[in-house]
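Novice: Next one to model:
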Amino acid sequence: MAEQNYRVIPQAEHKRKLDVWENFQMCQFPDGTKKARCNRCAEFFKSESNSTLRRHYTESCKALRAAEDPNQPILDNSGQIWTYNNDLAREMTMKCVIQMALPFSHFDNTHITTLIRKYFQPRYEPVSRQTLRRDAIKCWLDAKEKTKENFSQLPNNISLTADIWSAPNGLPHSYICITAHWIMPLSWKLCKRVIAFENFGSPHTGERQYQIIMKVLRFYCIQASIFTISFDNATNNTACIDKLRLRLSPILSGKLFHTRCVAHIINLAVQDGLKILDSILYKFRLLLRRVFVKSKKIHNQFIDFCNSVGFKSLSGAYDMPVRWNSTWKMLDNLIRQRQYIQPFYNQKFPGNNITDYEWMMIEGFHDLLTDFKTATKLLSGVYYPTSPLVLNQLYILSSKIYYYQSDENFRHVVRPMKVKFLKYFDEIPFAFLCAAVLNPYLNMTGVEVLIARICFALGLDTTTSTTYSNNLVQQFKTDFLQLFDIYRQKHVGTLGQQTNTSQTFPSSSRRGTSRADLMSSLMQSVATESTKRARFEGDNLSEFNQYTNTNFISASSTPVNDFEDIDLLEWWKNKQTSFPILSSIALDVLTIQASTVASESAFSLSGRVISERRSRLSPQSVECCICLKDFLDGEDRIQHEQDLTRDLDGIEDNLYENEVDEGITPPVTEYGSSSDATTTSARTDDDDEDEPDNLNDDTAVDRLRQYNTLDAYNPDTYGYYGTYHNPLWYYQNNYDYTGAGGSSSGAGGSSSGAGPSGAGGSGSDNELPKTKKNNHKK
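Specialist: Residues are numbered from 1 along each chain as shown. Take a look at the predicted model:
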């Protein structure tokens, strides 16, 4: 039989569509036998096995090897010698799937295989989803052992954050996420790893949480190394913490053992303020719906109007009821285009004007929220200590609350926010005070100044309050000296009698309007007080006294503009010789987390891992995906960029649900749910039957010019507040909460039928709520 006498069977006939047959032909000979022929070297194969053909093409095809030796090293983009390694490609494929939260079957695809083989690397071997999963689990087990080994060599302690999460899509699973934070003693780099994402079945009791956490601690052999746990104060969480405190016997009788998420407290305070402004915010949500969502025609008219005055229109950023960060973004977007959208909207909907008073309210509240947003972001970092920032941020936020409380327009808004602060910070956690002292530019003097200013801002009498008083400062000094003595005994060769120092309690009535003003005032007070005290201290100081009585602000070679400017880890790394005991304390205290965002960001990732299309993943696979991704990102130190900046806005959902479950916060109202749903409503051209067809551009431009010349909008003249009456009084006296009726006149013009009226009123579009209980019904 001559090899030349054969017929090539078309692929449509032999129906073999595997990627390997792109490089071979099916040939039929006169005697009926079939063989595969290589397109490169023309060699025939009796076996039609895909494995045989693939092995030939990738390893032994002479024509292919002659054209390009696959083992021939080449230069990569950096000039280094590179040789293709299929095992390494398989490993990197697995890491890509894990770090990008892709399905395991993502690369098990004919099109991707063809693309890579045809245009990048012909020796590429596709990896099945089963193989990728096995590789990922093996890699995760190796990562756990590596982390366990690192913990065994760690001389300092570890802090934990933990939280609980329920799976989406109606799945019965719940998970507890445990994240470890520690400082590497040589490099002084702050590290973070999600060490467990355990399946957490019912019941969600403190005993069950305790058992899971202890199982994880025993696996990593770190029971004796736990310094602090950040866990929210839910009833079951508190029970778990109490059992852990008894079992682990933490340092200083557990005074440092438990902290609560400060970002959570900030969220609750902001939510209380948002409830007061529900009515006003609803009108702005309605504006967004009408201009950007409800009708394409009106939206296009607004774009044309903006173009006519030389302004590029912005998108209508809609908020979500339980995400106050999104509310800040919505207000920020509106304020930036206020001078254009206000005249347009008021001309287009004359019966539903948004008054100057309401614009003034959201501008002021936006300014207030800006500092809360900044604080949340600062306290949610990964690679820098966040606990030393808590006292600074509490001072800034309480000062802003005091500032707005002095204005009659915002007094009712900030009052519940102040109450929330007093509820959760009636006693500042000892851990955050210790961390603040370890900021050299703040020091013990700065802590006293901050406490005094926080007391003033929150209206606390330091002479009678049992919490915010000189007793708090003295008790803190006593506890800190006990902590210092514990570490002194651990430190071989360090002696010296530790003595308490005489500290005066400064008071300050100064308040500013910006973060820069507040921090500048604080730093001046700390520097002055530190210099004053140093004059009365002897030269023969112990390490503790030497540190607490040194004015590091004046001694700094570079100007210090903010307590947050300093790299604390680098500073203490360079001061280990000067302050060996305090630097040992810093190794532990600076690992304490101000928030549990590090754990909660894993929940946002898990929502993508356990998606509707991947809901069949086993708990082992879920833990592998979550923990291994965090481990790989941690190796590259990209955990913050990959997770927190993307997921921070969504974390409020989980916090809000926790508060609803605990009965602390009421659930989303009918108004909130329905207003959120408007973002997905269809935009049509048939929804504006009662609205004018065309906008008089000349009239709108004239009104725009009038607004630009109003003294009320000149910040130098009136700031955010102007000379208006209190719109909250107006809403509280005219907004019918019981459905009995009421008038909606006033506040800069008639808005009957459009404002928050009671029994009704006539207007062109009565879409605003008539009663609190029937908010979104027409």
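
Novice: gap between residue 310 and residue 340?
Specialist: 10 Å (CB to CB, to the nearest Å). C-beta coordinates here come from the backbone N, C-alpha and C atoms, glycine included.

Novice: More neighbours: those two, which one.
Specialist: When neighbours are counted by other CB atoms under 10 Å, residue 310 and residue 340 differ, and residue 340 comes out ahead with 22 against 7.

Novice: SS state for that one?
Specialist: Recorded secondary structure, residue 340: helix (DSSP: H, G, I helix; E, B strand; the rest coil).

Novice: I'd say it and residue 305 touch.
Specialist: Yes - assessed by CB atoms under 8 Å, residue 340 is found in contact with residue 305 at 7.2 Å.

Novice: Run a quick neighbour tally on the closest residue to residue 632 other than its chain neighbours.
Specialist: Using CB to CB, 6 or more residues apart in numbering and skipping the chain neighbours, the partner closest in space to residue 632 is residue 99 (5.4 Å). Neighbours of residue 99 under the rule other CB under 10 Å: 18.

Novice: For residue 99, give its distance to residue 491.
Specialist: Per CB to CB, residue 99 is found 41 Å from residue 491.

Novice: can you check residue 409 too?
Specialist: 56 Å.

Novice: again with residue 209
Specialist: Counting by CB to CB, the gap from residue 209 to residue 491 is 35 Å.

Novice: just to revisit the earlier point, residue 409 and residue 491 - which one has more neighbours?
Specialist: Ranked by neighbour count (other CB under 10 Å), residue 409 and residue 491 place residue 409 first, with 21 against 14.

Novice: wait, doesn't that one sit right on residue 364?
Specialist: Yes - at 7.0 Å, residue 409 counts as touching residue 364 under the criterion of CB under 8 Å.

Novice: Quickly list the domain ranges of this protein.
Specialist: 7-67, 134-259+596-659, 270-368+667-720, 388-409+422-589 (automatic domain parsing).

Novice: Which strand or helix spans residue 37?
Specialist: strand 34-38 (DSSP states H and E).

Novice: what does the average pLDDT come to for that strand?
Specialist: Average pLDDT, strand 34-38: 89.

Novice: cool, stretch 7-17 as well?
Specialist: 78.

Novice: what's it in contact with?
Specialist: 21, 25-29, 34, 110 (CB atoms under 8 Å, 6 or more residues apart in numbering).

Novice: and the residue lying closest to residue 263 once chain neighbours are set aside, how many neighbours does it have?
Specialist: In space, and not counting its chain neighbours, residue 263 is closest to residue 595: 3.8 Å by CB to CB, 6+ apart. Residue 595 has 28 neighbouring residues, counting by other CB under 10 Å.

Novice: what sits against residue 595?
Specialist: Residue 595 neighbours (CB under 8 Å, 6+ apart): 161, 230, 261-264, 376, 379-380, 386.

Novice: same question, residue 256
Specialist: 227-228, 250, 430-431, 434, 483, 589, 592.

Novice: Narrow the residues you listed to those in helices?
Specialist: 430-431, 434, 483, 589 (DSSP state H).

Novice: Out of those residues, which end up buried?
Specialist: By neighbour count, with 16 or more other CB atoms under 10 Å, the ones in helices among the contacts of residue 256 hold 430-431, 434, 483, 589 as buried.
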